[in-house]
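[1] Starting from these lines, generate the structure:
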Amino acid sequence: MRRHQTLKPMRRCIACRESKPQDELIRFTFDGKAVAADENGKRDGRGFYLCRDAKCAEDAVKRKAFNRVCRQNLDETEIRKVIGQALDNLQGGTDAKES
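    As a prediction, the model looks like this:
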(Lines give C-alpha, C1' and ligand atoms only; values in the text may rest on other atoms or scores of the structure.)
Protein backbone atom coordinates (compact mmCIF):
# COMPACT_ATOMS: atom_id res chain seq x y z
CA MET A 1 0.00 0.00 0.00
CA ARG A 2 1.30 3.42 -0.93
CA ARG A 3 2.11 5.75 1.86
CA HIS A 4 0.53 8.84 0.31
CA GLN A 5 -2.42 7.74 -1.73
CA THR A 6 -4.04 10.50 -3.79
CA LEU A 7 -7.81 10.52 -3.82
CA LYS A 8 -10.21 12.51 -5.96
CA PRO A 9 -12.06 15.26 -4.10
CA MET A 10 -15.63 14.26 -3.28
CA ARG A 11 -18.58 16.64 -3.60
CA ARG A 12 -22.29 16.25 -2.84
CA CYS A 13 -25.05 16.76 -5.42
CA ILE A 14 -27.64 19.31 -4.26
CA ALA A 15 -30.50 17.23 -5.73
CA CYS A 16 -29.88 13.58 -4.83
CA ARG A 17 -27.44 14.36 -1.99
CA GLU A 18 -25.04 11.60 -3.11
CA SER A 19 -21.32 12.17 -2.73
CA LYS A 20 -19.42 11.61 -5.97
CA PRO A 21 -15.98 12.49 -7.34
CA GLN A 22 -15.83 16.17 -8.19
CA ASP A 23 -15.12 15.55 -11.88
CA GLU A 24 -18.41 13.61 -12.25
CA LEU A 25 -20.50 16.63 -11.24
CA ILE A 26 -21.29 20.06 -12.72
CA ARG A 27 -20.20 23.02 -10.60
CA PHE A 28 -22.47 26.07 -10.40
CA THR A 29 -21.79 29.36 -8.67
CA PHE A 30 -23.96 32.11 -7.23
CA ASP A 31 -22.34 35.53 -6.99
CA GLY A 32 -25.22 37.29 -5.22
CA LYS A 33 -26.96 38.17 -8.49
CA ALA A 34 -27.17 35.15 -10.77
CA VAL A 35 -26.46 31.43 -11.00
CA ALA A 36 -23.94 30.34 -13.61
CA ALA A 37 -22.27 27.08 -14.63
CA ASP A 38 -18.58 27.00 -13.81
CA GLU A 39 -16.77 24.90 -16.41
CA ASN A 40 -13.23 25.58 -15.21
CA GLY A 41 -13.87 25.74 -11.44
CA LYS A 42 -12.44 29.24 -11.05
CA ARG A 43 -15.52 31.49 -10.86
CA ASP A 44 -16.09 33.64 -7.80
CA GLY A 45 -19.13 33.09 -5.62
CA ARG A 46 -20.69 30.29 -3.66
CA GLY A 47 -20.04 26.99 -5.42
CA PHE A 48 -22.31 23.95 -5.42
CA TYR A 49 -22.61 20.77 -7.48
CA LEU A 50 -25.22 18.87 -9.47
CA CYS A 51 -25.10 15.43 -11.12
CA ARG A 52 -24.72 15.36 -14.89
CA ASP A 53 -28.06 13.70 -15.61
CA ALA A 54 -31.46 15.17 -16.46
CA LYS A 55 -33.23 13.42 -13.57
CA CYS A 56 -31.12 15.17 -10.93
CA ALA A 57 -31.52 18.46 -12.78
CA GLU A 58 -35.31 18.11 -12.76
CA ASP A 59 -35.31 17.08 -9.09
CA ALA A 60 -33.18 20.11 -8.21
CA VAL A 61 -35.69 22.45 -9.85
CA LYS A 62 -38.69 20.64 -8.39
CA ARG A 63 -37.27 20.62 -4.84
CA LYS A 64 -36.00 24.21 -5.17
CA ALA A 65 -32.48 23.07 -4.33
CA PHE A 66 -30.93 26.11 -6.04
CA ASN A 67 -33.04 28.41 -3.86
CA ARG A 68 -31.94 26.51 -0.77
CA VAL A 69 -28.20 26.65 -1.45
CA CYS A 70 -28.24 30.25 -2.68
CA ARG A 71 -30.60 31.36 0.09
CA GLN A 72 -32.54 33.36 -2.49
CA ASN A 73 -35.84 33.12 -4.31
CA LEU A 74 -34.51 32.50 -7.83
CA ASP A 75 -36.50 32.45 -11.06
CA GLU A 76 -37.26 28.84 -12.04
CA THR A 77 -37.09 29.50 -15.79
CA GLU A 78 -33.66 31.11 -15.41
CA ILE A 79 -32.41 28.10 -13.42
CA ARG A 80 -33.74 25.70 -16.06
CA LYS A 81 -31.97 27.71 -18.76
CA VAL A 82 -28.62 27.66 -16.92
CA ILE A 83 -28.89 23.91 -16.23
CA GLY A 84 -29.89 23.20 -19.84
CA GLN A 85 -26.93 25.14 -21.21
CA ALA A 86 -24.53 23.36 -18.85
CA LEU A 87 -25.85 19.93 -19.85
CA ASP A 88 -25.71 20.86 -23.56
CA ASN A 89 -22.10 22.02 -23.19
CA LEU A 90 -21.19 18.71 -21.57
CA GLN A 91 -22.86 16.68 -24.32
CA GLY A 92 -20.95 18.60 -26.96
CA GLY A 93 -17.68 18.61 -25.05
CA THR A 94 -16.17 16.21 -22.56
CA ASP A 95 -19.06 13.72 -22.39
CA ALA A 96 -19.24 13.26 -26.17
CA LYS A 97 -16.45 10.67 -26.01
CA GLU A 98 -18.46 8.52 -23.56
CA SER A 99 -21.42 8.00 -25.92
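
[2] Can you check which helix is longest in the protein?
    helix 76-92 (DSSP state H).

[3] For it, buried residues please.
    For helix 76-92, the neighbour count (16 or more other Cβ atoms under 10 Å) marks 79, 82-83, 86-87, 90 as buried. For glycine as for every other residue, the C-beta is placed from the backbone atoms N, C-alpha and C.

[4] average model confidence for that helix?
    On average, the pLDDT along helix 76-92 is 91.

[5] What helices and strands are in contact with that helix?
    strand 25-30, strand 35-37, helix 54-62 (3 or more Cβ pairs under 8 Å, 6 or more residues apart in numbering; DSSP states H and E).

[6] Now do the helix or strand of the chain with the lowest mean pLDDT: distance to the chain's middle.
    Using mean pLDDT, DSSP states H and E, helix 76-92 stands out as the lowest-scoring helix or strand of the chain, at a mean of 91. Taking Cα atoms, centre = their mean, to the nearest Å, one finds helix 76-92 lying 10 Å from the centre of the chain it belongs to.
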